[in-house]
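Asker: quick one, fold the following:
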Amino acid sequence: MTTESPYFTMYERFKRMPPGVQAPLRRVAEPEDLRDTPGLYRLFPGASPTEQQVRAAFILPWCRELSGGKKLGAVCAKGIAEARIIQIARALPPADLIALRRLVIQLQPALGWLEVAPFAWDWSQDVKRKLVEVYFIALHKLDKGATA
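Answerer: Reported below is the predicted structural model:
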């Protein structure tokens, strides 16, 4: 991923924010609650944040590193039960995104923003299905003795 990526730009802008502006972004209970925090509008200056941007901003504060070096499926396969992945895939909005955020929180620091951002940005039923697929593919590789 290059420095021209919207994910990289968003991460860099977030990291430049003072802690007092970052903290309310971490405290919200649901993605829509972000629309009442000044930090969201500082993250996307001069624009009305899209649904994609709000979803990404809901997850971003919990990604301490830009890149963890391992793919989401591989990290999940090593430490997350399959029932939890299925539960995320079956959940309805906003509970599904809240569950994804909890997963990201649990998997820190092994997981970085660049691994999570595409999932948060494009979050939909198809992306939830992809999460299940990458999880089971990585799980199969672990069962075969490959390192994740």
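
Asker: show me where the protein has helices.
Answerer: 6-16, 19-27, 38-43, 51-59, 72-79, 82-90, 95-106, 113-121, 125-143 (DSSP state H).

Asker: turn those into a markdown table, columns for mean pLDDT and distance to residue 66.
Answerer: Every C-beta, even on glycine, is put in place using the N, C-alpha and C of the backbone. Below are the helices of the chain laid out as a markdown table (pLDDT from 0 to 100; distance: least, Cβ to Cβ, whole Å):
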| stretch | mean pLDDT | distance to residue 66 |
| --- | --- | --- |
| helix 6-16 | 96 | 6 |
| helix 19-27 | 97 | 15 |
| helix 38-43 | 96 | 16 |
| helix 51-59 | 97 | 14 |
| helix 72-79 | 93 | 15 |
| helix 82-90 | 97 | 24 |
| helix 95-106 | 97 | 14 |
| helix 113-121 | 96 | 5 |
| helix 125-143 | 95 | 20 |
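
Asker: nearest to residue 65, of those helices?
Answerer: Among these, helix 113-121 comes nearest to residue 65, with 7.0 Å by Cβ to Cβ.

Asker: the nearest residue to residue 26 once chain neighbours are set aside: how many residues sit nearby?
Answerer: Of all residues not flanking residue 26 in the chain, residue 61 sits nearest, at 4.3 Å (Cβ to Cβ, 6 or more residues apart in numbering). Neighbours of residue 61 under the rule other Cβ atoms under 10 Å: 22.
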